[in-house]
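Q: Provide a 3D model corresponding to the input given below.
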Amino acid sequence: MRIYTKTGDRGETSLYRGGRVPKDHLRLAAYGTLDELNALLGQALTALPADAVALQGMAEVLRRVQRDLFCLGAQLATVGEEPPAWVITEADVTRLEQAIDAMDAELPPMTTFVLPGGHALGASLHVARTVTRRAERHIVGVAREATIDPLVEVYTNRLSDYLFVAARYANHQLGCPEPALVI
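A: Modelled structure (predicted):
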């Protein structure tokens, strides 16, 4: 299989089972942003210190999220009644919620707004959170125009929550104070 096909040289690409669309189509913006998010999570994982035993569970969740992002992309790239082979499930959403609850139980309560920063890992997770929110905005637009599995929206919303708590948790575990908004 060749990397280049030349079929997109004129600004169009193919959807799975759904013909061709312009490369600036809202579906492509949505799953392209998920692809960007996946790369950011890969980058965040490189900032995770190897000796940070308390963060190994986070590393496992982030790697699973990378797999989930492929599922979300496949769902957004598929047009028609029949879903792709890979889909997000309620169990995937529940897994994120359980991870959020476990980390949140170890964090001090928030008393102010948190600014992105702290350790490189925490800052990277905050960047990933903002990209998740952008993906979510695109996904909401797709859902307005076409029928998509509602779990795509639910999972993306929960993922941004997870990344916020994960950033706080990483900073806490690594002894880096969270930057706070002081007015």
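Q: This structure: strands as residue ranges?
A: Here the chain has its strands, by DSSP state E, at 12-14, 20-22.
Q: tell me what the longest helix along the chain is packed against?
A: Using DSSP state H to define each element, the chain has its longest helix at helix 120-145. With contacts defined as 3 or more C-beta pairs under 8 Å, 6 or more residues apart in numbering; DSSP states H and E, the packing partners of helix 120-145 are helix 26-46, helix 150-173. Heads up, the C-betas are built off the backbone N, CA and C, glycines and all.
Q: Which residue comes closest to the most centrally placed residue in the chain once chain neighbours are left out?
A: Central residue of the chain (C-alpha atoms, centre = their mean): Thr132, 4.8 Å from the mean position. Excluding the flanking residues, the one nearest Thr132 by C-beta to C-beta, 6 or more residues apart in numbering is Ser160, at 4.2 Å.
Q: per-residue confidence for the one you found?
A: Ser160 is assigned 98 on the pLDDT scale.
Q: where's it relative to Ala99, distance?
A: Separation of Ser160 from Ala99 (C-beta to C-beta, to the nearest Å): 13 Å.
Q: Who has more neighbours out of those two?
A: Taking neighbours as other C-beta atoms under 10 Å, Ser160 and Ala99 compare with Ala99 leading, 22 against 19.
Q: quick one on the thing from earlier: wait, doesn't the residue nearest to the centre of the chain sit right on Leu159?
A: Yes - the pair Thr132 / Leu159 is scored as a contact, 5.2 Å apart, by C-beta atoms under 8 Å.
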